[in-house]
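Engineer: What follows is a protein structure lacking sequence information:
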Ligand SMILES: O=P(O)(O)OP(=O)(O)OP(=O)(O)OC[C@H]1O[C@@H](n2cnc3c(O)ncnc32)[C@H](O)[C@@H]1O
Ligand SMILES: [Mg+2]
């Protein structure tokens, strides 16, 4: 039985790992840890967001020696020619120093949300005000609000985790000369 450590207490993110394990019939259990992302509370670029995911994945391994894989997930925003997009990254780290990372779907933020982020607020707070909801970030996420629930934050992270799990399987195949 593999123990997977997840670097968050946010149920929207933890559910993505749960669904990955269930859908992939993976023999693993999950433990979750509050770990520092090592980047700002509101990452403002792909570079920073990706780094936050990698930092969390590695930090999990220091929390508990029973954990074989650390998973980090981070949300942020990324500016493309003045348009602000929601961006998301995830990473997995093992005990041998290997790190696999991947990014997710991006979605244009309405100007009122972008302005709030540029003014120094965290997207989670602005999304709550925008949607007249509480804790959007632990539920469907901004992506859920902006797509009328068609894609939730959990589904979006699940997609990224499937990419990472698939890349891990591919790397193992290549190592065994089957690639
Ligand atoms: O507890 P953690 O794991 O930190 O989860 P979080 O919801 O704070 O998420 P992140 O730290 O990864 O995201 C950085 C910031 O961006 C916000 N954010 C990112 N994606 C979001 C989304 O889809 N919906 C709402 N807020 C989001 C979040 O509230 C934070 O203020
Ligand atoms: Mg956070």
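Structural biologist: Received the coordinates, thanks. Just so it is clear, the structure is predicted and the values come from calculations on it, not from any experiment. Residues are numbered from 1 along each chain as shown. Ligands and ions are numbered 1, 2, ... in the order given.
Engineer: Distance of the residue lying closest to residue 149 once chain neighbours are set aside relative to residue 13?
Structural biologist: Residue nearest to residue 149 in three dimensions, not counting chain neighbours: residue 140, with 6.0 Å by Cβ to Cβ, 6 or more residues apart in numbering. C-beta coordinates here come from the backbone N, C-alpha and C atoms, glycine included. From residue 140 over to residue 13 the distance is 13 Å, taken as Cβ to Cβ, to the nearest Å.
Engineer: In terms of neighbours, single out the busier of these two.
Structural biologist: residue 13 (28 against 24; other Cβ atoms under 10 Å).
Engineer: my guess is the more buried one meets residue 88, correct?
Structural biologist: No. With contacts counted by Cβ atoms under 8 Å, residue 13 stays clear of residue 88, the gap being 9.8 Å.
Engineer: hmm, back to that, who's in contact with the residue nearest to residue 149?
Structural biologist: 12, 149, 152-154 (Cβ atoms under 8 Å, 6 or more residues apart in numbering).
Engineer: what's the overlap in contacts for residue 13 and residue 88?
Structural biologist: Common contacts of residue 13 and residue 88 (Cβ under 8 Å, 6+ apart): 73, 157.
Engineer: export the contacts of residue 140 to a markdown table and tack on secondary structure, pLDDT and distance to ligand 1?
Structural biologist: Shown next, in a markdown table, are the contacts of residue 140 (DSSP: H, G, I helix; E, B strand; the rest coil; pLDDT from 0 to 100; distance: Cβ to the nearest ligand atom, whole Å):
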| residue | secondary structure | pLDDT | distance to ligand 1 |
| --- | --- | --- | --- |
| 12 | helix | 98 | 7 |
| 149 | coil | 97 | 13 |
| 152 | coil | 98 | 9 |
| 153 | helix | 98 | 5 |
| 154 | helix | 98 | 10 |
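Engineer: about what we covered before: could you name every residue contacting both of residue 140 and residue 13?
Structural biologist: 153-154.
Engineer: now this structure, which segments are flagged as low pLDDT?
Structural biologist: 178-179 (pLDDT under 70).
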